[in-house]
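> Predicted coordinates and the sequence they were generated for:
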Protein chains: 2
Amino acid sequence: MSLDIDKANATVLDRMTSARPMLTTVAPARDVVPGLREGLLLHAGPPIEWPRMSGPLQGAVIGALLLEGLADDEASARAMAESGEVDFEPCHHHGAVGPMAGVISPSMAVYVVENPVHGNRSYSNLNEGYGKVLRYGAYSPEVLEKLRWMNGEMASLLAAALAATDGGLDLRALLAEALHMGDEGQDRNKAGWLLYLKLLAPQIARVAGDWATAERVLAFLGDNALSVLNPVMAACKAMADAGHGIEGSTIVTTMARNGTDFGIRVSGLGDRWFTAPAQTPDGLYFTGFTSEDANPDIGDSTITETAGIGAFAMAAAPAIVSFVSGSPKDAMHATLEMYEITAGEHPQLNIPALGFRGTPVGIDVRKVIELGVTPRVNTGIAHREAGIGQVGAGLVRPPLGIFEQALLAFAELHGLSEPETH
Amino acid sequence: MSLDIDKANATVLDRMTSARPMLTTVAPARDVVPGLREGLLLHAGPPIEWPRMSGPLQGAVIGALLLEGLADDEASARAMAESGEVDFEPCHHHGAVGPMAGVISPSMAVYVVENPVHGNRSYSNLNEGYGKVLRYGAYSPEVLEKLRWMNGEMASLLAAALAATDGGLDLRALLAEALHMGDEGQDRNKAGWLLYLKLLAPQIARVAGDWATAERVLAFLGDNALSVLNPVMAACKAMADAGHGIEGSTIVTTMARNGTDFGIRVSGLGDRWFTAPAQTPDGLYFTGFTSEDANPDIGDSTITETAGIGAFAMAAAPAIVSFVSGSPKDAMHATLEMYEITAGEHPQLNIPALGFRGTPVGIDVRKVIELGVTPRVNTGIAHREAGIGQVGAGLVRPPLGIFEQALLAFAELHGLSEPETH
């Protein structure tokens, strides 16, 4: 049988864009995330072991060990991580994603997203908001106390509220609307957040046993525009996974960073990662910080670009440039450039300012190499030391080399003497 | 003293754009709207008497007489209106505005907007939502029952919620944010509405005596994206009024339609109206309706364009074209064209897609005549018969003749032989 890459890629594109991610519940990770055994911590990005982890990821690991009660203090947590008593695996190996450090431990509550069209599920942790948070490597008692409250009272109420909806929240519909309201779904989530609150608030109020509980949860979600980021990332994961594993396809189905390496996986190349050192984002820094403070690129939020939003939908979000740098024209050009390296346009997610053209979706490794154009990524910038937090936001691209590696592996797998481009 | 029109216009522009409209309370119109005596009904647009009123305005008058208990049925309400027992005056003569028929009677609750910078106040009625509503001339028992509930339970709770805020809601800040989220503030209010809910919901929940009341009010506001239109219109009225009455200015401070006539007023020409027959909007019709069903242009919502939003901010709202017709490029061009006939750019309200350029604001009668370009207006389209409701949405322009009248009056007032243009 001859290799028909375009046909395989069309199948991937169809599966990714026809997936319908529904947010159905919130539950402890140990109860729902496949393979999340005790003593295992999930993290953002491609596989990595303790010694090579950057500051924020090490900090988040320490915090998770304290949260799980596996260590009593920082020193014992460090010793435990160094000793090899703890296992580390990517979130992506378990259908999950997490922003920044992306650490998920068994007791943490996670969002559950189901894609009824293809029968797959995805997961993401709950967003902690701004300031000192585990995802930037903070692990002080307040950080852990907040996480315990989130995993307890908030998670229970969210689960009950979602159970009161009619089959869950349609996150693709939410995203489609948010793109018409100036979001790109990754660094700008203001509209998605308000839509999320609008959908959940009446259910939360209805199922809460008492008003004080409802108020605490609504205030927490209502004070943090990133509340919607994690469900959106899980939605993108569900869409990308629906397109994974199609033989002969050169479409990227994972892009992720662990703060040290940037890794991708390709639909037709199974679970193999192609990695190289992560870059440091270019962008705008909060007062008091400079690029000297920046950690290399970190987090699974690149799942948004993988699924056709984030930087790929920048043309929908001209106001974002005051946050990530550049001009509204640059935002427009970012999207236009991404059409050059993608397999198609999203039939469900579109951009009014481009005449309602679908977002560019389905990064084709062949086109990336042919044009030498790597995907654009919008991101938050973490301080390189654990626990200091976000120091800015900006733009970054994965290293070109990982796409070269992937295309060579593809050529080898299919016995092609030269990587096929078109 | 020589006439310095540009200087006068700069003063008007500065006053209009530095006004800071704060939504401070909701109260019965009779208690707060200056000069709203019993037996007087306010209506949208320039002055008009009963025989010349269009279907929807006559219907709204009948409804208001029934609501006030001044008539027992349609026939007696009609007889009363015909007999001259009722007085009719424009909302605009009382610092007020209302969408579509815009009828405000003494018992109706109104939003109160204060502009602390210049010390003026403005008012607008509460939005009834979709379907059979007084503003489209419906007056069935359900319509009146809903209004009684709005004027009672809802108005009381809104007043209490606003009292619990710190000095009211800053509507200009809300508008600035909504323009970054794809609204133009007149026909598209999705972001403004969600922001409005976000600001008010916690206060409503906090001050409501019981959860059932809070839920009814939140559900009503939450089911109707137009909830925010009326406060926004009052905000625009407060801004426009701050610029009214500056001697020597050719800036338009009122544009309004009563369903029969389109009228404008000019800052330097006192309270005199310049009117001509209103046009029928061009646009998209809801299923089952055509332009045959359309009433001529009606409502005070043109106060938005007067203050620099609405059609003037279309470039911020490319998604709106699926509602009002045209392409996203047309939306961009609408805003660009309006820069040609306005005195300046809004320092507070801007459009990301135009590189954060301020919206065009301050329609200069001289430029309208010099270029022959009339202001663009976005609007809902009313059925010409009372009570049927909205049949579509679209675009319209005022008749050029009213700007000619105004410029001639200006020339006459200042003893100019030729209207000055530049």
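Now that the structure is in, tell me what you want to look at. Numbers count the residues shown, from 1 in each chain, chains lettered A, B, ... in the order given.
> For burial, what's the neighbour tally of the closest residue to residue A:174 other than its chain neighbours?
Excluding the flanking residues, the one nearest residue A:174 by Cβ to Cβ, 6 or more residues apart in numbering or on different chains is residue A:195, at 5.2 Å. To be clear about C-beta, it is placed using only N, CA and C from the backbone, and glycine gets the same treatment. When neighbours are counted by other Cβ atoms under 10 Å in any protein chain shown, residue A:195 registers 23.
> Distance-wise, check residue A:195 relative to residue B:179.
To residue B:179, residue A:195 is 18 Å away according to Cβ to Cβ, to the nearest Å.
> How about residue A:389?
Remark: distance between residue A:389 and residue B:179 (Cβ to Cβ) = 30 Å.
> Tell me which of these two has more neighbours.
In this view residue A:389 and residue B:179 are compared by other Cβ under 10 Å, and residue B:179 has more residues nearby, 27 against 21.
> for the closest residue to the more buried one other than its chain neighbours, what are its contacts?
Closest residue to residue B:179 apart from its sequence neighbours, by Cβ to Cβ, 6+ apart: residue B:316 at 4.5 Å. With contact taken as Cβ atoms under 8 Å, 6 or more residues apart in numbering or on different chains, residue B:316 is in contact with B:179-180, B:182-184, B:335, B:351-353, B:359.
> hang on, residue A:205 packs against residue B:208?
No: in this structure residue A:205 lies outside contact range of residue B:208 using Cβ atoms under 8 Å: 11.0 Å.
> Enumerate every residue touching the closest residue to residue A:21 other than its chain neighbours.
Closest residue in space to residue A:21, ignoring its immediate chain neighbours: residue A:235 at 3.7 Å, by Cβ to Cβ, 6+ apart. Residue A:235 sits next to A:21, A:23, A:113, A:122, A:171-172, A:175, A:307 when contact means Cβ under 8 Å, 6+ apart.
> repeat for residue A:27
Here residue A:27 is in contact with A:109-110, A:112, A:155, A:159 (criterion: Cβ under 8 Å, 6+ apart).
> do you know how far it is from chain B?
Distance of residue A:27 to chain B, given as Cβ to the nearest Cβ, to the nearest Å: 27 Å.
> Ok, residue A:224 next?
As judged by Cβ to the nearest Cβ, residue A:224 and chain B stand 12 Å apart.
> Neighbours of that residue, how many?
16.
> got it, and residue A:14?
16.
> I'd guess it is in a helix, am I close?
Yes: Residue A:14 forms part of a helix when assessed by DSSP: H, G, I helix; E, B strand; the rest coil.
> Got the phi and psi for residue A:214?
With angles defined as degrees, to the nearest 10, residue A:214 sits at phi -60, psi -40.
> Keep only those of the contacts of residue B:316 that are in helices.
Judged by DSSP state H, those include B:179, B:335 as members of helices.
> Throw together a ChimeraX command that grabs the buried residues out of the contacts of residue B:316.
Burial among the contacts of residue B:316 is assessed by 16 or more other Cβ atoms under 10 Å in any protein chain shown; the matching ChimeraX selection reads:
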select /B:179,180,182,183,184,335,351,352,353,359
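> ok, the contacts of residue B:316 vs residue A:146, which is closest?
Proximity of the contacts of residue B:316 to residue A:146, judged by Cβ to Cβ, is greatest for residue B:180, which lies at 29.9 Å.
> who's in contact with residue A:176?
Residue A:176 is in contact with A:348-350, counting by Cβ under 8 Å, 6+ apart.
> cutoff 10 Å now
Neighbour list for residue A:176: A:170, A:346, A:348-350, A:359 [criterion: Cβ atoms under 10 Å, 6 or more residues apart in numbering or on different chains].
> gap between it and residue B:79?
In terms of Cβ to Cβ, residue A:176 sits 53 Å off from residue B:79.
> Mind listing what's buried along the lengthiest strand in chain A?
In chain A, with assignment by DSSP state E, the single longest strand is strand A:342-351. If you call a residue buried by 16+ other Cβ under 10 Å, then strand A:342-351 has these buried ones: A:342-346, A:348-351.
> who's in contact with the lowest-mean-pLDDT helix or strand in chain A?
One helix or strand of chain A scores below all others by mean pLDDT, DSSP states H and E: helix A:321-324, with a mean of 84. Here helix A:321-324 makes contact (Cβ under 10 Å, 6+ apart) with A:184, A:186-188, A:281-284, A:311, A:314, A:317, A:327-331, A:334, A:378-381, A:392-395, B:180, B:352, B:355-356.
> Keeping just the C-alphas, turn it into CSV.
Output of helix A:321-324 as CSV, limited to C-alpha atoms (Å, rounded to 0.1, in the frame of the first residue of the first chain):
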residue,chain,number,x,y,z
VAL,A,321,-0.3,42.9,22.3
SER,A,322,-0.4,45.2,25.3
PHE,A,323,0.4,42.1,27.3
VAL,A,324,2.7,40.0,25.1
